[in-house]
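Q: turn this into a structure:
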Amino acid sequence: QVQLQESGPGLVKPSQTLSLTCTVSGGSITTSYYTWSWIRQPPGKGLEWMGVIRYDDSTYYSPSLKSRTSISRDTSKNQFSLQLSSVTPEDTAVYYCARGFLWRGLPKYEYWGQGTQVTVSS
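A: Okay, the predicted model is just below:
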């Protein structure tokens, strides 16, 4: 059974960088052909896909967040991380990490972390 767990600070000041880590157990982040995504949900809004790091270490980002987002991984710890720079209160959300794969060209998410609340406030 694959499990994902987000960790990181729950409060970030405006203009700072938000950093979160997703620790994966029950499966390797280098296993073909899985993808490892960050997805967030602002209060009262729907899910927003932020970006992904694939099994081969390639990365893709949402165009609206690309200039501020970086996703990396540490294979020795079986973790992948999110950095979102220059945050504003509009970045307040529950942040999720998820494992997925492509099915007929479309992403499918099969395992999710429980989510972590991040609030941007001074």
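Q: so what touches stretch 97-108?
A: 2, 4, 6, 20, 22, 24, 27, 33-39, 49, 52, 80, 82, 109-113 (CB atoms under 8 Å, 6 or more residues apart in numbering). All C-beta spots, glycine's among them, are computed from the backbone N, C-alpha and C.
Q: quick one: which of the residues you listed sit in strands?
A: 4, 6, 20, 22, 24, 35-39, 49, 52, 80, 82, 109-112 (DSSP state E).
Q: thinking again about what came up before, weed out the non-buried ones from the contacts of stretch 97-108.
A: By neighbour count, with 16 or more other CB atoms under 10 Å, the contacts of stretch 97-108 hold 4, 6, 20, 22, 24, 34-39, 49, 52, 80, 82, 111-113 as buried.
Q: tell me the centre residue of the protein?
A: Nearest to the mean C-alpha position of the chain, by CA atoms, centre = their mean, lies residue 38 at 2.1 Å.
Q: may I ask you to confirm that it is in contact with residue 47?
A: No: between residue 38 and residue 47 no contact is recorded; they are 11.1 Å apart, counting by CB atoms under 8 Å.
Q: understood, closing this out.
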